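Engineer: Any chance you could fold what I've pasted below:
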Amino acid sequence: MKDNKILKIAYISFIIMILIFSSVGISYATQKQDLENEQKELDQKIKETSSEIAGVKSEMSQALSQINKLNTQISTYENEIAELEERIKVLETQIIEKEALVKEKEEEYNQKRDLLSVRILAMYESGTTSYLDVLFNSEGLSDFLSKYYIIDQLVEADQELLRSIESAKKALEEEKTSLEANKTEAQNSRETVQAKSNALTVSVNEKNNLVNNLTEEEKELEKKLQEMEEDKKEIQAELNRIIKDSGSGGYATITAPSAAGYISPLAGKTKKNITTGYYGYTGHTGVDFACPGGTPIYAVKDGTVMISEAKKNPNGTYRSYGEYIIIDHHDGTMTLYAHGSPGTRKVKKGDKVSQGQQIMSVGTTGNSSGNHLHFEVKVINSSGKISTVNPTPYLP
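Structural biologist: So this is what the prediction gives:
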């Protein structure tokens, strides 16, 4: 009887334990699910609020969206015109140099041709006397050898003169051809500049007409879009100047994305975590990663800091990229990191950085509506020209 009682108590205790553990398990699972749901909601909120100011499509009317496109178009025209005008200057300098060289080679050719004429005239005036006649009229072996040597020198001189005349003529023709090619390219470039200038004028007029009809709120946003384009051009010019001053002359080959060896600029983030893609809207020349403010930003590869500064208005407020850093990886690629948190830039221009080194923290400075990292990749060709490309293929 006593044994049965003990068994009943043990059985009841066992049942109670099972119920307790089941309750704890259910409670834990429920809490875990709740936390996951909260995290998803938080991630969604971050994703919705963290993008460039120009990417807040709900704030962009059709007119403002068109202005944004025109800003990019205008900037492209201006860059192309500036490049063409620079090329025309180079061509004009080369044309002046080649014209002087052509004149010099014409004088050289004429001098040699005149010298040949003198030799032909001298031979004609000597009558039918041949080199053999001169040799046969020698007075002894010593005279024969002396005359033979002189004749040999004359023949060699004549042959050398003919070769040099032919060479001078060929060089002259090549320089004239090159000169004409430069003149043609310069003329074509001038015509292209005119065509692009006309297109630029049309775009500017179209934009101005649209701007006149914007609301005050839209005009303020349009101003920020314009500032962004201006700052991009300024940064591009600064990078071009740095490369030119360094004397590197660009890179022979541009590193393919597959060979770049980049890590992610944010721990645990991959291209799947991009919240606004390359050209997610017109003028968006990078990709955005929405994440909490203060998140560390890392150098994706070894390199040298080209620029580390803050874009600000005269009144001290942030604009466009805000706190940003550009790193040259010395393989034909550069990376840009923007909208960092104030005072968190850890590197300065000229610093050597290692892959994975923290360079800044995520913030929302400049044209930004929420904490996120704006990331760009630029490539440099053999002539030193810098282009912004889609960074997605470079990311892990």
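Engineer: Return the residues in contact with residue 189.
Structural biologist: With contacts defined as C-beta atoms under 8 Å, 6 or more residues apart in numbering, residue 189 is in contact with 84, 87, 88, 91. (Glycine included, C-beta is placed from N, CA and C.)
Engineer: so how far is residue 231 from it?
Structural biologist: Residue 189 sits 28 Å away from residue 231, taking C-beta to C-beta, to the nearest Å as the criterion.
Engineer: hang on, the earlier thing: could I get the contacts of residue 189 in TSV, plus columns for distance to residue 390 and secondary structure?
Structural biologist: As requested, the contacts of residue 189 are exported to TSV (distance: C-beta to C-beta, whole Å; DSSP: H, G, I helix; E, B strand; the rest coil):
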residue	distance to residue 390	secondary structure
84	25	helix
87	27	helix
88	31	helix
91	33	helix
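Engineer: Highest neighbour count among those?
Structural biologist: residue 91 (21 neighbours; other C-beta atoms under 10 Å).
Engineer: Would you enumerate the residues in contact with it?
Structural biologist: 182, 185, 186, 189.
Engineer: Just the ones of these in strands?
Structural biologist: Among the contacts of residue 91, no member is found in strands (DSSP state E).
Engineer: Give me the buried entries from the residues you listed.
Structural biologist: Burial by neighbour count, judged by 16 or more other C-beta atoms under 10 Å, picks out 182, 185, 186, 189 from these.
Engineer: The residue lying closest to residue 288 once chain neighbours are set aside: how many residues sit nearby?
Structural biologist: Here the nearest residue to residue 288 in space, its sequence neighbours aside, is residue 276; by C-beta to C-beta, 6 or more residues apart in numbering that works out to 3.9 Å. Using other C-beta under 10 Å, residue 276 is surrounded by 21 other residues.
Engineer: Can you tell me how far residue 396 is from residue 358?
Structural biologist: Distance, residue 396 to residue 358, by C-beta to C-beta: 18 Å.
Engineer: Hmm, residue 172 is touching residue 112, no?
Structural biologist: No - the criterion here is C-beta atoms under 8 Å, and residue 172 misses it with residue 112 at 11.0 Å.
Engineer: circling back: who has more neighbours, residue 396 and residue 358?
Structural biologist: More neighbours sit around residue 358 than around the other of residue 396 and residue 358, counting by other C-beta under 10 Å; the figures are 14 against 11.
Engineer: gap between the residue nearest to the more buried one when sequence neighbours are not counted and residue 337?
Structural biologist: The shortest distance from residue 358 to any residue that is not its chain neighbour, by C-beta to C-beta, 6+ apart, is 4.7 Å, and that residue is residue 296. Using C-beta to C-beta, residue 296 is found at 11 Å from residue 337.
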